[in-house]
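Colleague: A structural model of the following input is requested.
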Amino acid sequence: QVQLQESGPALVKPSQTLSLTCTVSGGSIITNGYDWSWIRQSPGKGLEWIGSFGSSDTTYYNPSLVRRTSISADTSKNQFTLQLISVTPDDTAKYYCHATYVGNTYWGHGTQVTVSS
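Modeller: Here you go, the predicted model:
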């Protein structure tokens, strides 16, 4: 059973960079067939896909966030990270790491990030 755990700061100041880490257990991020994603939900809004990567070397990003977003994997730690630059209060949200594998879906518990001075 794959388990996902988000970690990172709860408060980020405007214009700074938001950095979050997802630690994966019960599975390996290099295993073929997995897709790994970051997803967020802002107050009063639906889920918003941020980006994903899988077995290939290609990472896919939400077009509305692509210019500010970077997702990378650290295979030695079985983690993947999200960096979102130049944040604004509109980036305040609960951020989730997410995985799919062979029709199964896995979610982290999410981590609340507030952008405020």
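
Colleague: thought Leu65 was touching Ile50?
Modeller: Yes: taking Cβ atoms under 8 Å as the definition, Leu65 is a contact partner of Ile50 at 5.8 Å. The C-beta positions use only the backbone N, C-alpha and C, and glycine is treated the same way.

Colleague: which one is Ser19 nearest to, not counting chain neighbours?
Modeller: Using Cβ to Cβ, 6 or more residues apart in numbering and skipping residues adjacent in sequence, the residue nearest Ser19 is Gln83, 5.2 Å away.

Colleague: now that neighbour: how far from Ser25?
Modeller: Noted for Gln83: a distance of 22 Å to Ser25, by Cβ to Cβ, to the nearest Å.

Colleague: So what sits opposite the residue nearest the centre of the chain in the bridge?
Modeller: The centre of the chain sits closest to Trp38, judged by Cα atoms, centre = their mean, with a distance of 2.7 Å. Beta-bridge pairing of Trp38 under DSSP bridges involves Gly51, Cys97.

Colleague: how far away is it from Ser25?
Modeller: Distance of Trp38 to Ser25, computed by Cβ to Cβ: 18 Å.

Colleague: Please apply the same query to Gly51.
Modeller: 22 Å.
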